[in-house]
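Asks: When you get a sec, could you give me coordinates for this:
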Amino acid sequence: MTITNKREETARLLWIKTYEELGSVSKAAARCGIPRSTLYRWIERFRTEGKDGLKGHSKRPNHLAKLRVDEKLIKLIKLI
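Replies: Numbers count the residues shown, from 1 in each chain. Below is the predicted model:
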């Protein structure tokens, strides 16, 4: 785990603790300087997954579609 990831997890835990102290998503998000939608997302992940839910999840696809190049496309590229 990198330092950046650990900092992000710590910040997310702080956001949730702020929400629990204030009892309001709007007030906690304003105090933390984040959108309410972001806070809602992390609260839900914390409730369902616990502290492990505060880790970042990549949205990058695991596999990219194989690019298919046919003769028509090759001829078009050669014209350019």
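Asks: quick one, longest helix in the protein?
Replies: Ordering each helix of the chain by length in residues (DSSP state H) puts helix 3-22 first.
Asks: That one - contacts with which helices or strands?
Replies: Counting contacts by 3 or more CB pairs under 8 Å, 6 or more residues apart in numbering; DSSP states H and E, helix 3-22 is packed against helix 25-32, helix 36-49. C-betas here are computed from N, CA, C, even on glycine.
Asks: As CSV, these with mean neighbour count would be great.
Replies: As requested, the helices and strands packed on helix 3-22 are arranged in CSV below (neighbours: other CB atoms under 10 Å):
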stretch, mean neighbour count
helix 25-32, 16
helix 36-49, 14
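Asks: export the ones you listed to TSV and tack on mean pLDDT and distance to Lys6?
Replies: Output for the helices and strands packed on helix 3-22, formatted as TSV (pLDDT from 0 to 100; distance: least, CB to CB, whole Å):
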stretch	mean pLDDT	distance to Lys6
helix 25-32	97	18
helix 36-49	96	16
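Asks: Can you say which of those helices is nearest to Lys66?
Replies: Closest approach to Lys66 among these is made by helix 36-49 (32.6 Å; CB to CB).
Asks: what's the angle between the closest one and helix 3-22?
Replies: Per axes from the mean of the first three to the mean of the last three CA atoms, to 10 degrees, the angle that helix 36-49 makes with helix 3-22 is 100 degrees.
Asks: Show residues contacting helix 36-49.
Replies: Residues outside helix 36-49 that contact it (CB atoms under 8 Å, 6 or more residues apart in numbering) are 12, 15-16, 19, 25-26, 28-29, 32, 53-54.
Asks: try 7 Å this time
Replies: Identification of contacts with helix 36-49 by CB atoms under 7 Å, 6 or more residues apart in numbering yields 12, 15-16, 19, 25-26, 28-29, 53-54.
Asks: In CSV, list those residues along with distance to Arg68.
Replies: Listed next are the contacts of helix 36-49 as CSV, based on distance: CB to CB, whole Å:
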residue, distance to Arg68
Arg12, 41
Trp15, 44
Ile16, 46
Tyr19, 48
Val25, 46
Ser26, 49
Ala28, 49
Ala29, 45
Gly53, 38
Leu54, 40
